[in-house]
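Visitor: Quick one: sequence and predicted model below, then my questions.
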Protein chains: 2
Amino acid sequence: MSDAIGLAAERQEKIRKMLKREGVVRVEQLCAAMSVSPATIRRDLADLDQRGLARRVHGGAVSLQSVLDEPVFDDKTGIAAREKQSIADEALKYVKNSDSIFLDGGSSVLALARLIADMQGITVVTNSLRVAATLSSHGPRCILVGGELRRISQTFVGPLTEPMLSGLHLDTAFMGTIGLSEENGYTTTDPAEAFTKRLVIARARNVVALADSSKLGKESFSHFADLNQIGTLITDSSADAAIVKRLSKQGVEVVCSKT
Amino acid sequence: MSDAIGLAAERQEKIRKMLKREGVVRVEQLCAAMSVSPATIRRDLADLDQRGLARRVHGGAVSLQSVLDEPVFDDKTGIAAREKQSIADEALKYVKNSDSIFLDGGSSVLALARLIADMQGITVVTNSLRVAATLSSHGPRCILVGGELRRISQTFVGPLTEPMLSGLHLDTAFMGTIGLSEENGYTTTDPAEAFTKRLVIARARNVVALADSSKLGKESFSHFADLNQIGTLITDSSADAAIVKRLSKQGVEVVCSKT
DNA sequence: TTGCCAATGATTGTTTATGATCATATTGTA
DNA sequence: TACAATATGATCATAAACAATCATTGGCAA
């Protein structure tokens, strides 16, 4: 009370300043700096995390800025890493021995690629530089579909992928997506990316979509699949139950990984 | 506990920094740097490995960046990186604006790719994972020829490359080689690798071979080009003068980079 | 004043991170 | 090859941080 900082907004502003300056703050440190209890600081941090102004970690919080100065791609993997990991764990059950599978460039799919790096006896076809790099030193047979490098997604896309894909047979294709809505189905940002996704879907016996719950109900620019073209959707347990139910009614097998 | 770094995120950030700077870190070294137990460091490293931000190895971890960027596989011959660099410098003179060029998987060629990463206005076609990784964040247009991953050379090879290459036009192809002899021409270790090299040569208007002096007079298993199929050979100044002279007489333009 | 409300602090049981121990696996060396 | 040295993963105990709950405080209006 003596020199305690009264207003919540005032404290949070100060926390943000410290975060910006130091990158990391501890609960304990903040308590001392503002003469308030740990409970209050935790509430403030939870609030900041909720509003996307900081990232809560055990013991304190870290600046989003320090996460953001890395390549665009790594951010995506960092943000909902836990959900993506659990989605990947679930997806692994759809990989059978001696299958040939396709992995595209989504971050959940990349998490799956890491699990697959320890397998043998399957064939991985991919258009993702990151997947190929993950499997570069060891892992199952790896075939990369050529094409033009799209830097933002680190994938190879475009019409050049066609002649190569047309010669391949795929058991299961695992695909990420940017948006998934009941009206427009599966959508992504780039037409060239969508083109390649459509080719893959056409050649795969089964298609499994990996989409964390933030993708549900979203729409992006370029359509690449209708709902009924993709047999299985794996998402996380935070998924909106109403949407999941309606998708199920439309014949999509929806799997929610446990968090 | 005294000056131990408290937050896991903070430690991992620091580990990544060290990895970026040094390429390799050891558990012991990290324990000392942050005053925590080996168990904690191992957990951090396992976490980073899981998230694809580092690669765990016995005794510590290595940077993923270095795995893809560093030409670790070229010093069995004892040829210094400096010579390969000077060969690459020389080769750069054969790249003209608005060209489309091919870069294969040799280590001298990789050195050339690093120089080209700062250029614009050309198109790079490659079958090398390392070249693609080098150009992944920025650089000229990059097209990767698909195929099956050959781990030892980190290239994509085999019959699958054919449909893709057959649609492309190449101004200049820059190629490494394992052996180069007057009797057998250019040779490499792997038939699948040779197959792809032949395809490229057939589609390129000019071919420039990059071969450090240790390759001259050597022979490997699989033939991919006759001497007269490759117009220019760039080697280093330690090259055997007699061989160089005889090659020149056979119509090959031989360039020796200055050390 | 009285009563209400929002914010804070304290208490509780639970979860998470850490370090120590030990059996096993890996690496380097004779 | 066999051996020694080291690194490792698994397990457990401990301590710290946590979420949930409830009590307290102080401000404000009727």
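Guide: Now that the structure is in, tell me what you want to look at.
Visitor: Close to DNA strand C: what parts of the stretch 51-200 of chain A are there?
Guide: Neighbours of DNA strand C within the stretch 51-200 of chain A, by CB under 7 Å from any atom of the strand: A:58-59. To be clear about C-beta, it is placed using only N, CA and C from the backbone, and glycine gets the same treatment.
Visitor: Any regions of the stretch 1-150 of chain A where pLDDT drops low?
Guide: Across the stretch 1-150 of chain A, the ranges flagged by pLDDT under 70 are A:1-6, A:65-82.
Visitor: show me what contacts whichever residue of chain A sits closest to DNA strand D?
Guide: The minimum distance from chain A to DNA strand D, using CB to the nearest atom of the strand, falls at A:Val27 (4.1 Å). Residues counted as contacts of A:Val27 (CB atoms under 8 Å, 6 or more residues apart in numbering or on different chains) are A:38, A:41-42, A:45, A:59-60.
Visitor: ok, now A:Pro159?
Guide: Listed by CB under 8 Å, 6+ apart, the contact set of A:Pro159 reads A:Phe195.
Visitor: Quick one, grab the pLDDT at it.
Guide: On the pLDDT scale, A:Pro159 is placed at 92.
Visitor: what do you get for the one 4 residues further on?
Guide: Per-residue confidence for A:Pro163 comes out at a pLDDT of 90.
Visitor: Could you do the one 3 residues further on as well?
Guide: The model reports A:Ser166 with a pLDDT of 90.
Visitor: So what's the residue count around it?
Guide: 11 (other CB atoms under 10 Å in any protein chain shown).
Visitor: Then A:Thr196?
Guide: A:Thr196, neighbours per other CB under 10 Å, totals 27.
Visitor: ok, now the one 10 residues further on?
Guide: The number of residues packed around A:Asn206, counting by other CB under 10 Å, is 15.
Visitor: What of A:Asp226?
Guide: Neighbours of A:Asp226 under the rule other CB under 10 Å: 12.
Visitor: For it, list the residues it contacts.
Guide: Residues near A:Asp226 by CB under 8 Å, 6+ apart: A:185-186.
Visitor: how far away is it from A:Ser181?
Guide: 11 Å (CB to CB, to the nearest Å).
Visitor: Please apply the same query to A:Leu216.
Guide: A:Leu216 sits 8 Å away from A:Ser181, taking CB to CB as the criterion.
Visitor: Settle it for me: which of the two has more neighbours?
Guide: A count of neighbours by other CB under 10 Å puts A:Leu216 above the other of A:Leu216 and A:Ser181, at 23 against 16.
Visitor: what residues does the stretch 1-150 of chain A put near chain B?
Guide: Contacts of the stretch 1-150 of chain A with chain B, taken as CB under 8 Å from any CB of the partner chain, map to A:23-24, A:26, A:57-60, A:62, A:66, A:71, A:74, A:77-78, A:81, A:85, A:110-111, A:114, A:129-130, A:132-138, A:141-149.
Visitor: Please flag which of those sit within strands.
Guide: Of those, the ones assigned to strands by DSSP state E are A:24, A:26, A:57, A:60, A:62, A:141-144, A:147-149.
Visitor: for the contacts of A:Val27, which one is nearest DNA strand C?
Guide: Using CB to the nearest atom of the strand, A:Gly59 is the member of the contacts of A:Val27 that sits closest to DNA strand C, with 6.9 Å.
Visitor: Show the contacting residues for that closest one.
Guide: Taking CB under 8 Å, 6+ apart, we find A:Gly59 in contact with A:26-27, B:6-8.
Visitor: got a markdown table for those, with distance to A:Lys96 too?
Guide: A markdown table is the format used below for those (distance: CB to CB, whole Å):
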| residue | distance to A:Lys96 |
| --- | --- |
| A:Arg26 | 47 |
| A:Val27 | 47 |
| B:Gly6 | 45 |
| B:Leu7 | 41 |
| B:Ala8 | 36 |
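Visitor: The residues you listed: which ones sit near DNA strand C?
Guide: B:6-8.
Visitor: Which ones among the residues you listed map onto helices?
Guide: Applying DSSP state H to the ones next to DNA strand C among the contacts of A:Gly59, the entries found in helices are B:Ala8.
Visitor: would you list the ones next to DNA strand C among the contacts of A:Gly59 in a markdown table and tack on neighbour count?
Guide: Formatted as a markdown table, the ones next to DNA strand C among the contacts of A:Gly59 follow (neighbours: other CB atoms under 10 Å in any protein chain shown):
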| residue | neighbour count |
| --- | --- |
| B:Gly6 | 18 |
| B:Leu7 | 17 |
| B:Ala8 | 17 |
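Visitor: how about CSV for the ones next to DNA strand C among the contacts of A:Gly59, with distance to DNA strand D added?
Guide: Output for the ones next to DNA strand C among the contacts of A:Gly59, formatted as CSV (distance: CB to the nearest atom of the strand, whole Å):
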residue, distance to DNA strand D
B:Gly6, 6
B:Leu7, 9
B:Ala8, 11
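Visitor: closest to DNA strand C among the ones next to DNA strand C among the contacts of A:Gly59?
Guide: B:Ala8 (4.5 Å).
Visitor: OK, contacts around the closest one?
Guide: Taking CB under 8 Å, 6+ apart, we find B:Ala8 in contact with A:57-59, B:44, B:47.
Visitor: one more time with 10 Å, if that's ok
Guide: Contacts for B:Ala8 (CB atoms under 10 Å, 6 or more residues apart in numbering or on different chains) come out as A:57-59, A:62, B:36, B:40, B:43-44, B:47.
Visitor: Can you add distance to A:Ile243 and give those residues back as JSON lines?
Guide: Below are these laid out as JSON lines (distance: CB to CB, whole Å):
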{"residue": "A:Val57", "distance to A:Ile243": "30"}
{"residue": "A:His58", "distance to A:Ile243": "31"}
{"residue": "A:Gly59", "distance to A:Ile243": "35"}
{"residue": "A:Val62", "distance to A:Ile243": "31"}
{"residue": "B:Val36", "distance to A:Ile243": "44"}
{"residue": "B:Thr40", "distance to A:Ile243": "41"}
{"residue": "B:Arg43", "distance to A:Ile243": "36"}
{"residue": "B:Asp44", "distance to A:Ile243": "37"}
{"residue": "B:Asp47", "distance to A:Ile243": "32"}
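Visitor: Of the residues you listed, keep whichever come out buried.
Guide: A:57, A:59, A:62, B:36, B:40, B:44, B:47 (16 or more other CB atoms under 10 Å in any protein chain shown).
Visitor: Quick check, the first one in contact with A:Gly23.
Guide: The reference is to A:Val57. No. Between A:Val57 and A:Gly23 there is no contact under CB atoms under 10 Å: 11.7 Å.
Visitor: Overlap in contacts, these two.
Guide: Contact criterion CB under 10 Å, 6+ apart; residues shared by A:Val57 and A:Gly23: B:9-10.
Visitor: Could you count how many residues lie near A:Ser100?
Guide: For A:Ser100, the neighbour count with other CB under 10 Å is 19.
Visitor: Quick check: phi and psi on it?
Guide: Torsion angles at A:Ser100 (phi, psi; degrees, to the nearest 10) stand at phi -110, psi 120.
Visitor: again with A:Ser220
Guide: phi -120, psi -170.
Visitor: hang on, it packs against A:Ala194?
Guide: Yes. With contact defined as CB under 10 Å, A:Ser220 reaches A:Ala194; the gap is 9.2 Å.
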